[in-house]
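Visitor: can't give you the sequence, but here's the structure:
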């Protein structure tokens, strides 16, 4: 297609040259006899002869360049896909890490609540134990106080009875009765 366009162009050029030659009737030489015509024809043949190799060379360079661009595009596409895959993987890892962190936080809160409840239970148990110990100590002190009061009352009673009996009995038999009564009182009180 391009070669035929080139040939048509050459013929038009020759025809134009012929028209100029016809105008110059006074010129001795014919159109084919002129050196410029043959230089133009040889130039066009030179171009026609080197058209295919030049075309091949240009197209091979262009094909090589287009192949390099295509390979770069494929590499860029592959890298883009890898980057998207890596991004998706990191996003998944981030979501997993966030879920794990939330789980750890909820577990820590549950553990803190459990520890707080256990501490509260221990404190309550300790307070109950201390209260029971205090009540036991109060009961023991109360029993001791009652025993002390009884002993004191018995001693006072014995002492009072002994004084009364001493004043009431002036004879020796009174002493014997008093001694016996004193012995009987201590056995009756306990």
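Guide: Okay, I see it. Model, not experiment: these values are computed from the prediction.
Visitor: CA atoms for contacts and neighbours, from now on please.
Guide: OK.
Visitor: Tell me the helices and strands packed up against the helix or strand harbouring residue 161.
Guide: In this assignment (DSSP states H and E), residue 161 forms part of helix 35-168. Helix 35-168 is packed against helix 2-23, helix 172-189, with contacts defined by 3 or more CA pairs under 8 Å, 6 or more residues apart in numbering; DSSP states H and E.
Visitor: if we go to 7 Å?
Guide: If contacts are counted by 3 or more CA pairs under 7 Å, 6 or more residues apart in numbering; DSSP states H and E, helix 35-168 sits against helix 172-189.
Visitor: tell me the mean pLDDT over the helix it packs on?
Guide: The average of the pLDDT scores along helix 172-189 is 71.
Visitor: Show me where this structure dips below the pLDDT cut-off.
Guide: Low-confidence segments of the chain (pLDDT under 70): 1-7, 10-31, 165, 168-175, 177-178, 186, 189-190.
Visitor: picking up where we left off before, tell me how far the helix holding residue 161 is from the chain's mean position?
Guide: 6 Å (CA atoms, centre = their mean, to the nearest Å).
Visitor: Roughly how far does residue 183 sit from residue 176?
Guide: Going from residue 183 to residue 176 by CA to CA, to the nearest Å gives 11 Å.
Visitor: Also residue 80?
Guide: Taking CA to CA, one finds residue 80 at 127 Å from residue 176.
Visitor: Over to residue 122?
Guide: Distance of residue 122 to residue 176, given as CA to CA: 65 Å.
Visitor: And for residue 105?
Guide: From residue 105 to residue 176 the distance is 91 Å (CA to CA).
Visitor: How about residue 59?
Guide: 157 Å.
Visitor: With residue 93 instead?
Guide: On the measure of CA to CA, residue 93 and residue 176 end up 107 Å apart.
Visitor: now do residue 49
Guide: When CA to CA is applied, the distance between residue 49 and residue 176 equals 173 Å.
Visitor: Could you do residue 47 as well?
Guide: Counting by CA to CA, the gap from residue 47 to residue 176 is 173 Å.
Visitor: got it, and residue 94?
Guide: Distance from residue 94 to residue 176, by CA to CA: 106 Å.
Visitor: what do you get for residue 147?
Guide: Residue 147 is 29 Å from residue 176, by CA to CA.
Visitor: And residue 69, by the same measure?
Guide: Counting by CA to CA - residue 69 and residue 176 are separated by 142 Å.
Visitor: cool, and residue 151?
Guide: Using CA to CA, residue 151 is found at 24 Å from residue 176.
Visitor: Comparing these two, which residue is more hemmed in?
Guide: Between residue 151 and residue 176, residue 151 has the larger neighbour count (other CA atoms under 10 Å), namely 15 against 12.
Visitor: Look up how far residue 184 lies from the more buried one.
Guide: Distance from residue 151 to residue 184, by CA to CA: 15 Å.
Visitor: ok, now residue 158?
Guide: 10 Å.
Visitor: Who has more neighbours out of these two?
Guide: Taking neighbours as other CA under 10 Å, residue 158 and residue 184 compare with residue 158 leading, 17 against 11.
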